[in-house]
Every structure is written in structure tokens, then in C-alpha cells.
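# okay, sequence plus prediction incoming.
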Amino acid sequence: MSTAVRAERVVTSGTFSLDGETFDVDNNVWLIGDDDEVLVVDAAHDAAAITAAVAGRRVTAIVCTHGHDDHIGAAAELSEATGAPVLLHPAERDLWEAVHPDRKPDAELTDGMLLTVAGVDVQVLHTPGHSWGSCSLYVPSLGAVLTGDTLFHGGPGATGRSYSDAPTIAASIRARLLTLPGGTVVHTGHGQDTTIAAERANIPAA
């Protein structure tokens, strides 16, 4: 019998490169689902490690919260291994093509789109600012939101590089994330979890 739907974290390690600089990073890869099927959020660095965590379950989709290379590096390989489609917001296409020039995403993420895995809804929230097509994924039944690099423990994601803007990310967080219930757990793209209530004081006012 299948157990309850849950969020599972897989930490993978590699590099992030943009604007001529490269950094070592650890990424959170999230599996949302049950014992039978999962949705993979951000296929970072290591397709083999993610496949091992999937452990034979059906992968319904590989969702990319944004197109930075540390979040999409293993997406094409994981898609080939599992047969799952890769979903990405169209505003991230330039970033995607810099990493995977010969392989396009299979479908576009759009604001308000509903994905389903293991019988639960996953709502796509377009939250630009860290990059123009950054998206968060709200799972009401889990009381959780997966924010990629838009919101972290301690505040907004970075905006000092190409395709990013600080006022835009703050506006996205205020309008799309801080409006969620305060107890909503924030599963981030790097580092530890937080909650919506805990981050309200860390977001610049309009």
C-alpha cells in the first residue's frame, strides 16, 4: 500500500557558473510524491544520485524552478533515464540553451498551472526576480512551497547577476509567497527550510 505524499530532499554537489564566474554549490533536489510516483524539482548536478533516490518510482515530470546551470545540469540526462518530460518557464530559454543547446524543454511552465502527482495538486507560481522565469511550486496538501532560489531562510535569493532584479524579486515574494499561510514550510533550492511567517520580516517593503 502506498504511503502518504511527502517531500524528499536529495542534496547534490557541483558548480554554478554565470557572468564569467564559477562557484562550488550544494543544491537541494526535491521529490514530491508517494511510493509509486514522484515529481522531481530541479535536477541538479548528478542524475545518478537523483535516479537512486527515485528508486524505481515513476517520474511524472522534471520541473525546473529556473534555468541556472546548477538547477538544470542533470535534467536532460534524468529525462532520458526516466522518460519524464522537462518543464521550464519560457523566459528561461536563454539560460537553458547555454547548458543544453541541442535539447529543448518538453513543455512550458505557466503561472497558475496545476500539475498533479500521486493525487495531489502542485500549483505553479511565477515569481520572477532571481531570474525572469523563476517559478515556485505550492503544494497545499503538504502545507509547503518549493521556492528554488527565490526565497531562502533569511530572505530573498540573489539578484546581483544577469537576468535578475532586486525590486522584482521582493515584489514577487510579497505578492505570491507572503500571501500563503504563515505556517507554510518553504523548501528552498539551497540550504535549510524555513516558513512563510519566519521570512515576512526579511522581505523589503514596497
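Looks like it came in fine. Residues are numbered from 1 along each chain as shown.
# quick one, strands of the chain?
For the chain, applying DSSP state E gives strands covering 6-18, 21-33, 37-41, 58-63, 86-88, 107-108, 114-117, 120-126, 135-139, 144-148, 151-152, 155-156, 185-188, 194-195.
# elements contacting the fourth one?
Counting contacts by 3 or more C-beta pairs under 8 Å, 6 or more residues apart in numbering; DSSP states H and E, strand 58-63 packs against strand 37-41, helix 75-82, strand 86-88, strand 114-117. No exception for glycine: its C-beta is placed from N, CA and C like everyone else's.
# switch to 10 Å and redo it
Contact partners of strand 58-63 among helices and strands, from 3 or more C-beta pairs under 10 Å, 6 or more residues apart in numbering; DSSP states H and E: strand 21-33, strand 37-41, helix 47-54, helix 75-82, strand 86-88, strand 114-117, strand 120-126.
# so what strands line up beside that strand?
Sheet pairing of strand 58-63 (DSSP bridges) gives strand 37-41 (parallel), strand 86-88 (parallel).
# please apply the same query to the second one.
Sheet pairing for strand 21-33, assigned by DSSP bridges, gives strand 6-18 (antiparallel), strand 37-41 (antiparallel).
# which residues does Asp46 contact?
Contacts for Asp46 (C-beta atoms under 10 Å, 6 or more residues apart in numbering) come out as 10-14, 27, 29, 52, 73-74, 77-78.
# from His71, how far off is it?
Plainly put, Asp46 is 12 Å away from His71 if you go by C-beta to C-beta, to the nearest Å.
# low-confidence stretches in this protein?
For the chain, the stretches with pLDDT under 70 are 1-2.
# repeat the analysis, applying 90 as the threshold.
Filtered on pLDDT under 90, the chain yields the residue ranges 1-3, 205-206.
# Arg200 is in contact with Leu178, correct?
Yes - the criterion here is C-beta atoms under 10 Å, and Leu178 meets it with Arg200 at 5.7 Å.
# more neighbours, these two?
Higher neighbour count among Leu178 and Arg200: Leu178, with 16 against 13, using other C-beta atoms under 10 Å.
# for Ser136, see how far away that one is.
On the measure of C-beta to C-beta, Leu178 and Ser136 end up 12 Å apart.
# where do the contact lists of those two overlap?
Shared contacts of Leu178 and Ser136, defined by C-beta under 10 Å, 6+ apart, comprise 151, 172.
# dump the contacts of Asp46 to a markdown table, plus neighbour count and distance to Gly112.
As requested, these are arranged in a markdown table below (neighbours: other C-beta atoms under 10 Å; distance: C-beta to C-beta, whole Å):
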| residue | neighbour count | distance to Gly112 |
| --- | --- | --- |
| Val10 | 19 | 28 |
| Val11 | 14 | 30 |
| Thr12 | 22 | 30 |
| Ser13 | 13 | 34 |
| Gly14 | 17 | 32 |
| Asn27 | 26 | 26 |
| Val29 | 24 | 24 |
| Ala52 | 11 | 33 |
| Gly73 | 24 | 28 |
| Ala74 | 26 | 27 |
| Glu77 | 17 | 30 |
| Leu78 | 23 | 26 |
